[in-house]
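Novice: take this sequence and fold it.
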Amino acid sequence: MSTRIAFLKGHGTENDFVIVPDPENVIDLPSAAVAALCDRRAGIGGDGLLHVVRSSAHPEARDMAAEAEWFMDYRNGDGSIAEMCGNGTRVFARYLQRAGYVTEGDFSIATRGGVKPMHIAKDGDVTTGMGKALLPEGDVTVSVGERSWPARNVNMGNPHAVAFVDDLAHAGDLYSPPPCGPAGAYPEGVNVEFVVDRGPGHVAMRVHERGAGETRSCGTGACAVAVAAARRDGADPAVTGTRATYTVDVPGGTLVITEWPDGRIEMTGPAVIVAEGEIDTEWLENATR
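Specialist: Residues are numbered from 1 along each chain as shown. Here you go, the predicted model:
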């Protein structure tokens, strides 16, 4: 392990991350080290860790190096490896801008979920190309206590069940996964979004993320909610030829989701770097024994 490890802390709509710059991929970050760094009481604290590596220096990203110079080696807060994190891509982009590696405008980053187009606007907001949504057929329901609601099945590379409710309090505490039916609909679990209307093209949501409980923000969840709201409202950009844009309020802020006629979905929102410093490597080595 390096004798000196720099870090930053950032968040996107309060989905927060430890950022470890490592252009040449020389820092060893086993899962135990990541979990220790993300621990909110004994470490720096974060929902996940953004390991910043040049694509050409990482074996999982070398074949994407021609399209994207930088690879987001994303880890969940428990140390496990994940393909993608929508809010994480915005914070990753903000770090690249802060470090002088990119400027305002368009560029791409590599992720385990493929190359993602990015855009940093003059006002500071960051847009991520989130790919396309799939809408599996079949009815699903979501339940909390005595209440049940029909839900829209949306897949953004991970599964979502989107339920429209009268009051976000109906979602309950969201500590445990809300039951979804029919049995077997989501064999690997599901992210569940509860949604209320705020106005035309404007909704608010709460989310239970599988394996994590309620979180302050979920980028793929906001995209799933926007697609579900558009279909409920009779808008399908592939049919109308007109983009559909929704403002989605999450507990940690606001995201703007746009679905284009070719199916592409873009997510726009803030990204903030709040601190930077140096990891005590002796502490980290002790914490991972």
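Novice: now do the contacts for M84.
Specialist: By C-beta atoms under 8 Å, 6 or more residues apart in numbering, the contact set of M84 is Y74, T111, R112, G113, K116, G157, T220. Bear in mind the C-beta positions are built from the backbone N, C-alpha and C, glycine included.
Novice: closest to C180 among the residues you listed?
Specialist: T220 (16.7 Å; C-beta to C-beta).
Novice: quick one: mean pLDDT over the helix or strand harbouring the closest one.
Specialist: T220 is part of helix 219-232 when elements are defined by DSSP states H and E. Average pLDDT, helix 219-232: 97.
Novice: ok now it, how far from the chain's centre?
Specialist: 14 Å (C-alpha atoms, centre = their mean, to the nearest Å).
Novice: what residues sit buried inside the helix or strand following that helix?
Specialist: Counting by DSSP H and E, the element after helix 219-232 in chain order, helix or strand, is helix 237-240. By 16 or more other C-beta atoms under 10 Å, the buried positions in helix 237-240 come out as P237.
Novice: neighbouring contacts of helix 237-240?
Specialist: So helix 237-240 is contacted by A230, R243, A244, E259, W260, P261, D262, G263 (C-beta under 8 Å, 6+ apart).
Novice: swap in 7 Å and give it another go.
Specialist: By C-beta atoms under 7 Å, 6 or more residues apart in numbering, the residues outside helix 237-240 that reach it are R243, A244, E259, W260, P261, G263.
Novice: out of the residues you listed, which are buried?
Specialist: By neighbour count, with 16+ other C-beta under 10 Å, the contacts of helix 237-240 hold A244, E259, W260 as buried.
Novice: I figured the second one was touching V225, is that so?
Specialist: No: counting by C-beta atoms under 7 Å, V225 is not a contact partner of E259; they are 11.5 Å apart.
Novice: picking that back up, closest to S31 out of the buried ones among the contacts of helix 237-240?
Specialist: Once C-beta to C-beta is applied, the member of the buried ones among the contacts of helix 237-240 that ends up nearest S31 is E259, at 35.3 Å.
Novice: give the bridge partners for that closest one, please.
Specialist: For E259, the beta-bridge partners under DSSP bridges are A244, I265.
Novice: quick one: residues contacting it.
Specialist: Contact partners of E259, counting by C-beta under 7 Å, 6+ apart, are A226, V227, A230, P237, R243, A244, I265.
Novice: the first one: neighbouring residues, count only.
Specialist: When counting by other C-beta atoms under 10 Å, one arrives at 29 neighbours for A226.
Novice: what do you get for the last one?
Specialist: If you count neighbours by other C-beta under 10 Å, I265 ends up with 24.
Novice: do the same with the second one
Specialist: For V227, the count of nearby residues is 29 (other C-beta under 10 Å).
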